[in-house]
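J.: what's the 3D shape of this:
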Amino acid sequence: MASDDMAAFYDGALCSPPYTMQSATELYDAAEKLTKPDTSLLTAYVYKLPSDIGRDGFKTSEVVFAGSSVGVLIEGARADDLAARYQLQPEKSSILGTSTKGFARALADAEQPTAEMGIVSIVARESDAIPGKTLLACEFVSHADLEALKAVEGAN
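T.: Alright, predicted model coming up:
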């Protein structure tokens, strides 16, 4: 895979193109051809690429697939910087991503590939589960999961 092709992983983390099962599967298949995943983060597959694929001043060589998200692990605690660069807003909850600091921006309605099923957002999250790294990801959350999250938050 040429380095230009590897840029597709960073593009995927920025929801370009917007998340669909097809686009996620294509990126997953491409990662599988490059290397085997680290599965030590029980809920995610992390693929270490041979070179840096970062941009905009962010460094990364790790692609992440977790649940219904595609992302990259940015070196350092950079959630604030990612939020500023990609116009992300503070998340109202840390439960969904179990983050210590999180930011998100839902794609515009016209860019939502399956608005009837859920919401696609760009997220940046720091977490104790991945010390020294920040997740930048394109994430799909179903309406059912959003409602369950609201119910859990309402109970607290």
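J.: all contacts plus neighbour counts: C-alpha atoms, from now on.
T.: Noted.
J.: Quick check, residue 63 in contact with residue 11.
T.: No: look at residue 63 against residue 11 with CA atoms under 8 Å: they stay out of range, at 11.2 Å.
J.: partner residues bridging the residue nearest the centre of the chain?
T.: In the chain, the C-alpha nearest the mean C-alpha coordinate belongs to residue 137, at 1.5 Å (CA atoms, centre = their mean). Assessed by DSSP bridges, residue 137 has beta-bridge partners residue 71, residue 123.
J.: Pretty sure it sits against residue 14.
T.: Yes: using CA under 8 Å as the test, residue 137 is close enough to residue 14 to be in contact (6.5 Å).
J.: so what's in contact with those two at the same time?
T.: The contact sets of residue 137 and residue 14 overlap at 71, 122 (CA atoms under 8 Å, 6 or more residues apart in numbering).
J.: Give me the packing partners of the least confident helix or strand in the chain by mean pLDDT, helices and strands only.
T.: Between all helices and strands in the chain, the lowest mean by mean pLDDT, DSSP states H and E belongs to helix 143-155, at a mean of 76. Judged by 3 or more CA pairs under 8 Å, 6 or more residues apart in numbering; DSSP states H and E, the packing partners of helix 143-155 are strand 118-126.
J.: sec struct for the closest residue to residue 125 other than its chain neighbours, please.
T.: Using CA to CA, 6 or more residues apart in numbering and skipping residues adjacent in sequence, the residue nearest residue 125 is residue 102, 4.3 Å away. Here residue 102 takes the strand state, with states given by DSSP: H, G, I helix; E, B strand; the rest coil.
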